[in-house]
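K.L.:
Sequence first, predicted model second:
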Amino acid sequence: MAERISYDVKPPKIGPDAHEELERLLQTLHEHGILRFANDLAAANTHVAKVLVDGLNKEGTLNAIQNISILGMALSRIPPEQFYKVAFALKDAFTHVSTYKLEEKGTEAPGVTGAYKMLHDDALWQAITPIIEGLKIFAERLDKEVDKPISEFTGKPSSA
């Protein structure tokens, strides 16, 4: 009898394998100068670190970093749906104000009687009451002294 031939069928090559992809990535990084930049950066790490530290030690840079972190802390306390409503309400208000043309509306200055009528306009008072209340809270917060913002934010006393 004849012997059986064992033949393993190799699957067809669909795309590049991991080594080919890595070689292609290295070649692309080399062609665009990223490898040279990374190599120069690694070789000059002490000089780069000195420039970064000197730049970060300036008062203006420290203030900017702290101010950005304070904005982040404030934004973290606002629920996204509330922030969305306020942000787009402001956008729509600015759009309306920037495109509003007094001449086209035919509106003149209200005068004394017009101002008196505005005092009795319930819709106007309902619209401006939240703004007035918000201004009161804003003024109260401006009067509040804060030594260290992070201590105020977390409620923990500062260690220094």
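P.N.:
Arrived safely.
K.L.:
What about Ile150, how many residues nearby?
P.N.:
When counting by other Cβ atoms under 10 Å, one arrives at 13 neighbours for Ile150. Glycine gets a C-beta too; all of them are placed from N, C-alpha and C.
K.L.:
any idea how far it is from Ala44?
P.N.:
34 Å (Cβ to Cβ, to the nearest Å).
K.L.:
and if you look at Lys58?
P.N.:
Per Cβ to Cβ, Lys58 is found 21 Å from Ala44.
K.L.:
Arg77 too?
P.N.:
Counting by Cβ to Cβ - Arg77 and Ala44 are separated by 42 Å.
K.L.:
go on, Ala93?
P.N.:
50 Å.
K.L.:
same thing with Ile70?
P.N.:
Relative to Ala44, and taking Cβ to Cβ, Ile70 is found at 34 Å.
K.L.:
What of Leu135?
P.N.:
From Leu135 over to Ala44 (counting by Cβ to Cβ), the distance is 53 Å.
K.L.:
Next: Ile131.
P.N.:
55 Å.
K.L.:
More neighbours: which of these two?
P.N.:
Counted by other Cβ under 10 Å, Ile131 and Ala44 do not tie: Ala44 has more neighbours, with 12 against 9.
K.L.:
Model confidence at that one, what's the number?
P.N.:
Listed pLDDT for Ala44 reads 87.
K.L.:
which stretches of this structure form helices?
P.N.:
Using DSSP state H, the helices of the chain run over 18-31, 34-43, 45-56, 59-76, 80-99, 102-105, 111-119, 122-143, 149-154.
K.L.:
how many neighbours does Ser69 have?
P.N.:
13.
K.L.:
can you pull the contacts of it?
P.N.:
By Cβ atoms under 8 Å, 6 or more residues apart in numbering, no residues touch Ser69.
K.L.:
Please determine how far it is located from Leu56.
P.N.:
Distance from Ser69 to Leu56, by Cβ to Cβ: 14 Å.
K.L.:
Repeat that for Asp8.
P.N.:
61 Å.
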